[in-house]
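>>> mind folding the following:
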Amino acid sequence: MSRPRTAARSPVPPAGKVRIIAGRWRGSRLEVPAVPGLRPSPDRVRETLFNWLQGDIAGVRCLDLFAGSGALGFEAASRGAGEVVMVERDPRALAALGAAKARLGADQVEVVADDALAWLMRGPGRPFDVVFVDPPFAAGLHRAVLDALGPWLSPAARVYVESARGEPVHELSGFTPHRQGETRDTRHVLFARRKDASVHDAPATLAPSSGDQAPPTT
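Numbers count the residues shown, from 1 in each chain. You can find the predicted model right below:
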């Protein structure tokens with residue numbers, strides 16, 4: 001995930017590391033540079049997400065928007081994704097992504113130095129099967145990114161969206177929430193295409209969840 005596009009400043013988190021949970025590079029550590037707004041998905045949330053995606057990762061084409069530390073994209077590659085495109089604009093995050101790609105020998109990973117929304121607006125290119133959308137929460141980019149994402153998606157695509165808990169999630173046109181959960185601070189939703197989806201479907205908004213739900217583990 002990259003920095004907010006607005007002029008507002010976000011707290012700068014301390015640099016650190018995040019681990020790859022499973023697959024070819026299980027246990028490998030990824031650098032988390034001290035970039036404003038950079039907030040890697042916790043292990044628990046990533047483990048839940050990839051439990052949801054079991055059977056949908058091997059050999060597929062993935063897009064990691066606002067890639068940040070690359071925790072989601074490298075996890076997908078470690079678990080057998082055929083191709084992973086990471087889009088990130090912060091120079092420090094880009095340097096860390098490039099170093100991790102080289103160290104892991106992740107030939108199926110492509111790192112794109114660009115603003116995620118601008119990159120989407122210049123497309124579409126080849127469609128993606130799995131997309132991770134986890135922008136800085138303060139940037140207010142969810143609606144614009146999801147509205148621009150539709151032409152990039154394959155017929156059986158899955159789209160993961162992470163947002164601040166209590167905030168409405170702008171739904172992806174033609175898709176429905178397939179799985180969702182919450183932590184103390186975040187809400188995470190995996191969208192799947194509706195069987196009756198039409199290209200003319202209008203975007204909608206998911207209301208905030210009222211319950212204190214832990215992420216499902218199945």
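>>> which residues of the protein fall in helices?
Taking DSSP state H as the criterion, the chain carries its helices at 43-52, 71-78, 91-104, 116-121, 142-149.
>>> out of these, flag the one nearest residue 27.
When those are ranked by distance to residue 27, counting by Cβ to Cβ, first place goes to helix 71-78 at 9.9 Å. Any C-beta I mention is one placed from the backbone N, CA and C, and that applies to glycine too.
>>> between the closest one and helix 91-104, how big is the angle?
In terms of direction (axes from the mean of the first three to the mean of the last three Cα atoms, to 10 degrees), helix 71-78 departs from helix 91-104 by 20 degrees.
>>> and the residue most central in space within the chain, what does it touch?
Among the residues of the chain, the one closest to the centroid is residue 132, at 2.4 Å (Cα atoms, centre = their mean). When the contact criterion is Cβ atoms under 8 Å, 6 or more residues apart in numbering, the partners of residue 132 are 62, 63, 64, 65, 72, 73, 76, 160.
>>> do I have it right that the second one meets residue 85?
Yes - under the criterion of Cβ atoms under 8 Å, residue 63 lies in contact with residue 85, with a separation of 5.2 Å.
>>> which one of those two is surrounded by more residues?
Neighbours of residue 63 and residue 85, each counted by other Cβ atoms under 10 Å, are more numerous for residue 63; the result is 29 against 21.
>>> contact partners for that one?
Residues in contact with residue 63, defined by Cβ under 8 Å, 6+ apart, are 84, 85, 87, 128, 130, 131, 132, 152.
>>> shared neighbours of residue 63 and residue 85, anything?
Shared contacts of residue 63 and residue 85 (Cβ under 8 Å, 6+ apart): residue 128.
>>> now the strands for this structure?
With strands called from DSSP state E, the chain shows them at 16-19, 29-32, 61-65, 83-88, 109-113, 128-133, 153-164, 169-170, 175-182, 186-193, 205-206.
>>> looking at the ones you listed, which one is packed in the most?
Ranked by mean neighbour count, the strands of the chain are led by strand 61-65 with a mean of 27 (mean count of other Cβ atoms under 10 Å).
>>> please name the strands paired to it in the sheet, noting orientation.
Strands flanking strand 61-65 in the sheet, each with its direction: strand 83-88 (parallel), strand 128-133 (parallel) (DSSP bridges).
>>> in JSON lines, list those strands along with distance to residue 117.
As requested, these are arranged in JSON lines below (distance: least, Cβ to Cβ, whole Å):
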{"stretch": "strand 83-88", "distance to residue 117": "9"}
{"stretch": "strand 128-133", "distance to residue 117": "11"}
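>>> could you point out which of the ones you listed sits nearest residue 111?
strand 83-88 (5.1 Å).
>>> what residue ranges in this protein score low on pLDDT?
1-15, 197-218 (pLDDT under 70).
>>> if we use 50, what do you get?
Confidence mapping of the chain against pLDDT under 50 gives the ranges 2-14, 198-218.
>>> contacting residues for the closest residue to residue 76 other than its chain neighbours?
Closest residue to residue 76 in three dimensions, ignoring its sequence neighbours and counting by Cβ to Cβ, 6 or more residues apart in numbering: residue 62, at 4.7 Å. With contacts defined as Cβ under 8 Å, 6+ apart, the neighbours of residue 62 are 73, 76, 77, 81, 83, 84, 85, 128, 129, 130, 131, 132.
>>> excluding sequence neighbours, find me the nearest residue to the residue nearest to the centre of the chain.
Using Cβ to Cβ, 6+ apart and skipping the chain neighbours, the partner closest in space to residue 132 is residue 72 (4.4 Å).
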